[in-house]
Every structure is written in C-alpha cells, then in structure tokens.
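1. sequence plus the predicted model coming up.
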Amino acid sequence: MMKGKLVFALALLLAGVLTACGPGGQGEADGLQLWFPASGSDLSNALDTCHYEGEETVSGLMDGLLSGPPPGSELTQVIPSGTHLLDWTVADGEVRVDLSAHYARLNGINRTLADYCIVLTLSQLGDVDQVCIAVAGQKPSRILRPGDVMFSGAEEAPVEVSAALYYRLGTGDMLGYELRVFRLTEGEVSAKVVLDALCAGPGQEELTPLLPSGLLAVSARLEKGVCYANFSALLLENIPDSREEQELVISSIVETLCSLDEVEQVQIMVEGELVDRYGLMDLSSPLFSHQSQ
C-alpha cells in the first residue's frame, strides 16, 4: 500500500536529518546540507542532501536551494525555474520566507517535496525551529516543522490531468496558451489546481498574465458540467476600462477551465457570491468556451 510507504518515508527522512547523509549515503560530519529530491528514487528515499559551503544564513541557504543541486549529482530540482526569494524574517524560532509567484506552479507531491526541502534545509540553523512559506506576499497556509515530514494526501494511483492555460499572447489583444500536466493527489480538485496555476502566471516568455497580480482562486466545484470558479475580491477591484480587455480576462478563465474534459461551462464567483457583471460584460449565466463552438 502506498500509504504504508509514506509512513516509512517519514522515518527515513527524519533519520537523514540526524545523520546529515550526503548523496549516495556518504556522511558529511561537518557543515550544513542542502536537501533535494533524489532522482530515480521511490518515496521511501525521496530526499537526499549535498554539502553546502556558503553563508550560514537564511538567504544563503535559499540561494543554494534555488540554484539547484551540483552538476553530476543524483539529485534533482523540483522548485520551478525562475523562483526567487522576495523576503525573509526570523523571529522566536520561526523563519518566514516569501517566494516569487513561480513557486505557486507546484502542486501535489511536487509541492510537498519542495516545501520540505526548504524546511529541512532551513531548520539546520540554530535559531530556526519552524518554517512558514509564503508566495508573492500571500499569508502562509500553515507552519511546517522538520518533525512533520511526510508525504500526506497521496493516493494509491495519483491522477494526471492536462489543461491549456490561456494568457495574453505578447502585448496584443489575442490569447495564447501553454499546455500543462498536473499530478493530482487525494482530495485535490483539478479545476482548483488549474486555476491556482493560471493565477500564478505563465511559464513561456511570449505569454503575459491577464489576471491581477495577487489574485487567489478561493475554490472551484463542478455541478453537471458547470464549473463554479470562486475568486478573491481582487478580481472585481481591478476591472479593465475597455470591453475588449474585460473579455480577454474572462476568456482566459473560461477557456482554461473548459480545456478540462469534465468542464462544459463556467460560472464566475467572487468571495462565494455569483457575479452578475464584470464591467460591461454580463456574467449572470454560465459561459461557454469559444474554442468548442
């Protein structure tokens, strides 16, 4: 059973914290370590370390993590390329790191792996007992400690779904898209995971975001083919002046969600309430994808 392996992973990872084993099981008696996923390993040995020789500070360790493992090692990088440290603070044994929006592209087991690479690395500092990870200034969802290390929420057969995320193409008035594959774990809703990724922004340079920076996808639910996409209040606080721009914003949401097989229409909501209008647009009824017409 997968869940049995996950519990076993916890014990092995905690042992790794105490012994500070380097890649391939070679001990590193002195100095700090950087934690990364081990390539080709199963969940019973998901993370491993490499020696760190930089400044023994939060920013130094984070720079090491974001730079990735040394070339030629058997470690891999799970943190998205382009992620950078925006800010950090330490107080009363707790360190808070604020990462750029690129980090929000992670989901499922990859997000869990990345979170604990950060937690295990930073908790080696003498004044750090717990870690909070924020993204683009948003409030952290929980406090993480090295003793909490486990890969919770994974089901026996994780489901992969693909979606097309729609953004502005260049600086014009047309939409472009990038294809993404998401590995969903138990309890995750595909539409919510896709909306989180859409809010985080594109990965391709030729695409630019249309949604307001800092916008959150609060929830998403599916009823008889209609996806009820619930956003934070920021969606209605930053409405473009022109109808053309308004249509681009709403179309980016609708086309993205309708790229999921199970979604036929989209109903926009804000803070749990149905939205009747978005500027000059009537949103009182569910919207169809133009791509499928």
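-> Cool, got the structure.
2. the strands in the stretch 151-293 of the chain, which residues?
-> Secondary structure of the stretch 151-293 of the chain, counting by DSSP state E, counting those that start in this stretch: strands at 159-169, 175-184, 207-208, 217-223, 226-231, 265-270, 273-274, 277-278, 281-282, 287-288.
3. so which of those is nearest residue 88?
-> Ranking those by proximity to residue 88 (C-beta to C-beta) places strand 217-223 first, at 25.7 Å. Yep, even glycine has a C-beta here, placed from its N, CA and C like the rest.
4. next, the buried residues of that closest one.
-> Neighbour-count burial for strand 217-223 flags 217, 218, 220, 222 (criterion: 16 or more other C-beta atoms under 10 Å).
5. can you list the strands that that strand pairs with?
-> Sheet pairing of strand 217-223 (DSSP bridges) gives strand 226-231 (antiparallel).
6. the closest residue to residue 184 other than its chain neighbours and residue 80: what is the separation?
-> Once flanking residues are discounted, residue 184 sits nearest to residue 159: 4.7 Å by C-beta to C-beta, 6 or more residues apart in numbering. Going from residue 159 to residue 80 by C-beta to C-beta, to the nearest Å gives 21 Å.
7. OK, contacts around the nearest residue to residue 235 once chain neighbours are set aside?
-> Leaving aside its sequence neighbours, residue 235 sits nearest to residue 270 (C-beta to C-beta, 6+ apart; 5.5 Å). Going by C-beta atoms under 8 Å, 6 or more residues apart in numbering, residue 270 touches 230, 231, 232, 233, 235, 236.
8. quick check: bridge partners of residue 270?
-> residue 231, residue 273.
9. list the contacts for residue 275?
-> Residue 275 neighbours (C-beta under 8 Å, 6+ apart): 235, 236, 268, 269, 283.
10. quick one on the thing from earlier: just among the contacts of residue 270, which is most surrounded?
-> Using other C-beta atoms under 10 Å as the neighbour criterion, residue 235 leads those with 25 neighbours.
11. now do it, the pLDDT please.
-> pLDDT, residue 235: 97.
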